[in-house]
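>>> what's the 3D shape of this:
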Amino acid sequence: MIPKFPVILTLLCGGLFAWLWATDHVFRAASVMFLIPLWLLILGLWWALHKGGVRLKRLGLFVLGVAAIAGAFRMLVRYEGSADGSAMPSLAWRWQKQAVLPSLKDTAAAANAPSATPAGVADMPRFLGAKGDGILPEPDWQTDWKAHPPREVWRIKVGDGWAGFAVAGSRAITQEQRGTEEYVTCYDIATGKLLWSHADVTRFDEAMGGIGPRSTPTVDAAENALYTLGANGLLNCLELGTGKVRWSHEVLKDSGTTKNPEWGKSAAPLIVGDHVICSGGDNGPSLIAYRRKDGQLAWKAGEDGGSYSSPVLLTLAGREQIVNLNSNSVTGHAPASGEVLWNFAWPGMFPKVGQPVQVTPERIFITSSYGLKSHLLEIKADGAGKLSAASVWESKAPRTKFSSASVFGTHAYALDEGTFCCVDLATGERGWREGRYGFGQQVRVGDQWMIVQAEKGFAALVKANPERLEEVSRLEALNSKTWNPPTLAGRWLLLRNDREAVCYELPAK
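Next up is the predicted model:
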């Protein structure tokens, strides 16, 4: 006769395990990391204690067995961070060698000359496009990649980090970690050769999020400058052509706090007028602004700290403003002074990463995950011109986590805990949900297309369709975990992760 307790325990744990995975619950990875070991431990204790007369002997065997398994695991297995965005652990044998890229020589004093800008290349000056809104121009390239395959131009090894590329002419600039040094690296878009590099002796390493910088550089073409924000909050202003340092600031110290967000600074710098603006630390000011020309501190604004989203310049309710996602709120700020124009409380202990996406002249869509609901916010001005924000509706979907939604008319498309979905912006109801792309990134291209960078490394071209998922083309670009945003510079597509970078030329129409 089968004892009741093991059956009941197995049914309870198995049912919870199945529910977490069937619903793509944000904590489903915990069912592997904690629920299965907990089931084994409770079952082992039951075996040791349920039978009288041999309890002490069995308990000793149980304790020795647990200690032996734990000791062997510790000696033989190495933890290498998260395998994916669900926090599933990545494990390797301790004797397996880890790839270590050599340090680069700081070449700012003698930068190599770039190639002539190839045909079809367009500038991509910052994270998610010129306006930072994730909307790129209508494609002038072939969308059927099977009939017209993209040409692989180059493929190179790169260091750790989750930054994307910014593109200015022939220069493609990113950030990467190599050993103890955090680099800004500039590559020739035509060849993949290194033009210059700048190194700072600093390193960010977090067990789940991984190693290295997370922020995409911002190009300041008017000043022939480049702004980069490292994972530990080091803001550099570099010469675009050479990488030579013009000025540097430690954003966290200037914010009046030394507390870095748990998963590192990831927000891209924003250029507005005479200022370059960054989000703050884990607490304290939400935004901090510096003068572009000399780096002098201009102003600090807000009091709710920053999050992982990048500040973006939008026009809402007829007024230009900087919109920023903070630790527990969303705020609109006057561009010149940082004055808080409106505040929407959005409390939650987990990170907010997705960009606010404009839907109408008065509405924005904000998304997150970890049990935090998405909102369609409406910004209105009263008779005196004072702005306020209110939620039109809230919804459990989409749970974007690392990525941002793309809006086409009355529908939003997004990665919902790793599966693509469509949300009706009139009601907040999720329509279809299909296509497992993992915890990747996406950008909108023109009036009907999206490029989705899948977490496993491939890139997909998806057509906006409120009735169903319509994947038109796929490009097998990378083959390991990819959390970096894709960069589409005209017809030139640059993709990278924490191991390699690849550049494709998309065929012209």
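
>>> Show me the helices in the stretch 151-300 of the chain, by range?
Assigned by DSSP state H, counting those that start in this stretch, the helices in the stretch 151-300 of the chain fall at 251-254.

>>> Show me how the chain divides into domains.
According to automatic domain parsing, the chain is divided into the following domains: 4-93, 124-505.

>>> as a whole number, average confidence for the last one?
When the per-residue pLDDT values of domain 124-505 are averaged, the result is 96.

>>> burial count for residue 56?
Residue 56: 10 surrounding residues under other CB atoms under 10 Å. Placement of C-beta: from N, CA and C, glycine included.

>>> and it, helix, strand or coil?
Per DSSP: H, G, I helix; E, B strand; the rest coil, the secondary structure class of residue 56 is helix.

>>> roughly how far apart are it and residue 45?
Per CB to CB, to the nearest Å, residue 56 is found 13 Å from residue 45.

>>> Equivalent analysis for residue 273, please.
65 Å.

>>> Could you do residue 335 as well?
61 Å.

>>> Tell me which of those two has more neighbours.
Counted by other CB under 10 Å, residue 335 and residue 45 do not tie: residue 335 has more neighbours, with 17 against 14.

>>> excluding its backbone neighbours, what's nearest that one?
Distance criterion CB to CB, 6 or more residues apart in numbering; nearest residue to residue 335, sequence neighbours excluded, is residue 272 at 4.7 Å.

>>> Could you check how many residues crowd around that neighbour?
Neighbour count of residue 272, defined by other CB under 10 Å: 17.

>>> what residues are up against residue 86?
Residue 86 sits next to 26, 28, 29, 417, 418, 439 when contact means CB atoms under 8 Å, 6 or more residues apart in numbering.

>>> Confirm it sits in a helix?
No. Assessed with three-state DSSP, residue 86 is coil; it does not lie in a helix.

>>> if I look at it, how far off is residue 417?
For residue 86, the distance to residue 417 (CB to CB) stands at 8 Å.

>>> Ok, residue 224 next?
According to CB to CB, residue 224 and residue 417 sit 43 Å apart.

>>> So those two - more neighbours on which side?
Taking other CB under 10 Å, residue 224 and residue 417 do not tie; residue 417 has more neighbours (21 against 14).

>>> What residues are bridge-paired with residue 155?
Beta-bridge pairing for residue 155 (DSSP bridges): residue 502.

>>> How about the contacts made by the residue most central in space within the chain?
Closest to where the C-alpha atoms of the chain average out (CA atoms, centre = their mean) is residue 402, at 4.4 Å. Taking CB under 8 Å, 6+ apart, we find residue 402 in contact with 85, 353, 354, 439, 440, 441, 483.

>>> export those to CSV and tack on secondary structure?
Compiled in CSV, those are given as follows (three-state DSSP):
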residue, secondary structure
85, coil
353, coil
354, coil
439, coil
440, coil
441, strand
483, coil
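
>>> of those, closest to residue 454?
Distance to residue 454 across those (CB to CB) is lowest for residue 440, with 4.7 Å.

>>> how far away is that closest one from residue 413?
Note on residue 440: its distance to residue 413, by CB to CB, is 13 Å.

>>> One more: residue 168?
Distance of residue 168 to residue 413, computed by CB to CB: 29 Å.

>>> quick one: contacts of stretch 10-23?
Residues from elsewhere that reach stretch 10-23, judged by CB under 8 Å, 6+ apart: 25, 27, 28, 30, 31, 35, 36, 38, 39.

>>> so for that stretch, what's the average pLDDT?
For stretch 10-23, the mean per-residue pLDDT is 89.

>>> residue contacts, residue 485?
So residue 485 contacts 127, 128, 164, 216, 441, 443, 453 (CB under 8 Å, 6+ apart).

>>> Filter those down to the ones in strands?
Residues of the contacts of residue 485 located in strands (DSSP state E): 441, 443, 453.

>>> Now, of those, which are buried?
Buried by 16 or more other CB atoms under 10 Å: 441, 443, 453, out of the ones in strands among the contacts of residue 485.

>>> Pipe these into a markdown table and attach distance to residue 252 per row.
Output for these, formatted as a markdown table (distance: CB to CB, whole Å):
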| residue | distance to residue 252 |
| --- | --- |
| 441 | 26 |
| 443 | 29 |
| 453 | 29 |
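
>>> just these now: which is nearest residue 236?
residue 441 (23.8 Å).

>>> what's near enough to touch that closest one?
402, 403, 404, 452, 453, 483, 484, 485, 486.
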